[in-house]
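*Asks:* sequence first, then the predicted structure, then my questions.
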Amino acid sequence: LVDGEPVAGGLVDFGLYVFHNARELLERGAGPYLYLPKLESHLEARLWNDAFVLAQQRLGLDRGTVRATVLIETLPAAFEMDEILYELREHSAGLNCGRWDYIFSYIKRLRGHPDRILPDRALVTMTVPFMRAYSLLLIQTCHQRGAHAMGGMAAQIPVRGDEAANDAAFAKVREDKDREVADGHDGTWVAHPGLVETALAAFDARMPEPNQIDQKREDVLVTADQMLVAPEGPITESGLRTNINVGVRYIESWLRGQGAAPIHNLMEDAATAEISRAQVWQWIRSSRGVLGDGRPVEFDLVRSLIAEEMLKIRDEAGEEVYAAGRYGEASELFVALTENDTFEEFLTLPAYEVLEQP
């Protein structure tokens, strides 16, 4: 609350950050550089631009001092990339492929369309047509406007004590970054500092200059249909179990105050947990939500698999860790999120209610 009135947390955070840090950052040769997540419209970008202008005026900073990279991680925003860059033109550092949230947004926004059912989460990679179209369009849009195009986060993390699994993780990151830099991205993300060198090596090998903005990618022709087509692939019991297991484990971690959690050798965050619960929600309600063996994904099946996965989690965690954790609450919340016909915009909204319980 500010003067007794509710205020958006993002605006409060920005105001405090720029007030206390902008001049110090400038003196250090940097500046107030920000990420703007979850935007769905150029109108939100316009609001942020107004906030940047106001803050700069009040603090006596030159116009354009604040710079922001917008995460294009929602389906609506992917159709307004030009407009978002225009609204932030004096303050834009570029656009970023927020791949995991983008998949979640695809499911969320198209959940009622029977022809937009995604297969197992592991099959929805950056090389499937709708994800590739989104990535290439972002590069083209940015470079034609003279802005940086940032790649997405590889979720793999180093695997200690298993050389083969560790080598496989590094190989996947290397392949991912080779593809990004070859396509024209100017930079990228990794999920663990141990993989920075691998990402840098890929970009240094193909991008000797600071960026590739000169590559306008005029050869890219992306249609609206290509941005929306669902990839082919099966829905399997293994994929359903993975969604349940990862969803419950992440929610439990979040309830304990951890925003990112290493699970099954991947760095999971709220976005990947959102994919997990959203897929289960959609599969239950779709005529195409059928496993490869012919069984429909129904409430009873999901409940039985949740019970089995909870036993696995208990065995893997150990009795002491399990008892000290919040696995029961996480399981109950996952059940509620998938069984409630009203689709929650974000799983963290009801999760906050759990935290507020005495």
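*Replies:* Arrived safely.

*Asks:* for Leu36, give me phi and psi.
*Replies:* Leu36 adopts backbone torsions of phi -110, psi 110, taken as degrees, to the nearest 10.

*Asks:* per-domain residue ranges of the protein.
*Replies:* For the chain, automatic domain parsing gives the domain ranges 9-147+213-228, 237-356.

*Asks:* pipe these into CSV and attach mean pLDDT and distance to Ala168 per row.
*Replies:* For glycine as for every other residue, the C-beta is placed from the backbone atoms N, C-alpha and C. CSV is the format used below for these (pLDDT from 0 to 100; distance: least, CB to CB, whole Å):
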stretch, mean pLDDT, distance to Ala168
domain 9-147+213-228, 97, 14
domain 237-356, 96, 9
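
*Asks:* and of those, who's closest to Asp162?
*Replies:* Distances from Asp162 to each of those were compared using CB to CB; the minimum, 8.4 Å, belongs to domain 237-356.

*Asks:* so how far is that closest one from its chain's centroid?
*Replies:* 17 Å (CA atoms, centre = their mean, to the nearest Å).

*Asks:* which residue is most remote from the mean position of the chain?
*Replies:* Gly60 (34.9 Å; CA atoms, centre = their mean).

*Asks:* look through this protein and tell me its longest helix.
*Replies:* Once the chain is assigned using DSSP state H, the helix that runs over the most residues is helix 163-183.

*Asks:* who does the helix or strand following it touch, helix- and strand-wise?
*Replies:* Downstream of helix 163-183, the next assigned helix or strand under DSSP states H and E is strand 187-190. With contacts taken as 3 or more CB pairs under 8 Å, 6 or more residues apart in numbering; DSSP states H and E, strand 187-190 sits against strand 148-154, helix 163-183, helix 196-206.

*Asks:* make it 6 Å
*Replies:* On a contact count with 3 or more CB pairs under 6 Å, 6 or more residues apart in numbering; DSSP states H and E, strand 187-190 meets strand 148-154, helix 196-206.

*Asks:* out of the ones you listed, flag the one nearest Ala133.
*Replies:* Judging the helices and strands packed on strand 187-190 by CB to CB, what sits closest to Ala133 is strand 148-154, at 14.1 Å.

*Asks:* one step back: how about the longest helix of the chain: buried residues?
*Replies:* Across helix 163-183, burial judged by 16 or more other CB atoms under 10 Å covers 166, 169-170, 172-174, 176-181, 183.

*Asks:* angle of it against helix 196-206?
*Replies:* 40 degrees (axes from the mean of the first three to the mean of the last three CA atoms, to 10 degrees).

*Asks:* alpha carbons of helix 163-183, as PDB, please.
*Replies:* Taking C-alpha atoms only, helix 163-183 is exported to PDB below (Å, rounded to 0.1, in the frame of the first residue of the first chain):
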ATOM      1  CA  GLU A 163      29.600 -38.400 -16.100                       C
ATOM      2  CA  ALA A 164      27.400 -39.700 -18.900                       C
ATOM      3  CA  ALA A 165      24.400 -37.600 -17.700                       C
ATOM      4  CA  ASN A 166      26.700 -34.600 -17.300                       C
ATOM      5  CA  ASP A 167      28.100 -35.000 -20.800                       C
ATOM      6  CA  ALA A 168      24.600 -35.300 -22.200                       C
ATOM      7  CA  ALA A 169      23.500 -32.100 -20.400                       C
ATOM      8  CA  PHE A 170      26.400 -30.100 -21.700                       C
ATOM      9  CA  ALA A 171      25.800 -31.500 -25.200                       C
ATOM     10  CA  LYS A 172      22.200 -30.400 -25.200                       C
ATOM     11  CA  VAL A 173      23.200 -26.900 -24.100                       C
ATOM     12  CA  ARG A 174      25.800 -26.700 -26.800                       C
ATOM     13  CA  GLU A 175      23.400 -27.800 -29.400                       C
ATOM     14  CA  ASP A 176      20.800 -25.300 -28.200                       C
ATOM     15  CA  LYS A 177      23.300 -22.400 -28.200                       C
ATOM     16  CA  ASP A 178      24.700 -23.400 -31.600                       C
ATOM     17  CA  ARG A 179      21.200 -23.200 -33.000                       C
ATOM     18  CA  GLU A 180      20.500 -19.800 -31.400                       C
ATOM     19  CA  VAL A 181      23.700 -18.100 -32.700                       C
ATOM     20  CA  ALA A 182      23.300 -19.600 -36.100                       C
ATOM     21  CA  ASP A 183      19.700 -18.300 -36.300                       C
END
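
*Asks:* give me the helices and strands touching that helix, please.
*Replies:* If contacts are counted by 3+ CB pairs under 6 Å, 6+ apart, helix 163-183 sits against strand 148-154, helix 196-206.

*Asks:* gap between that helix and the chain center?
*Replies:* Distance of helix 163-183 from its chain centroid, counting by CA atoms, centre = their mean, is 19 Å.

*Asks:* please work out which residues outside that helix touch it.
*Replies:* For helix 163-183, contacts defined as CB atoms under 6 Å, 6 or more residues apart in numbering pick out 139, 151, 154, 156, 158-159, 188, 195, 198-199, 202-203, 206-207.

*Asks:* now, among those residues, which is nearest to Ile251?
*Replies:* Closest approach to Ile251 among these (CB to CB): Gln156, at 21.9 Å.

*Asks:* show me what the closest one bridges to in the sheet.
*Replies:* Beta bridges link Gln156 to Leu266, judged by DSSP bridges.

*Asks:* so what's it up against?
*Replies:* With contact taken as CB under 6 Å, 6+ apart, Gln156 is in contact with Ala169, Lys172, Val173.
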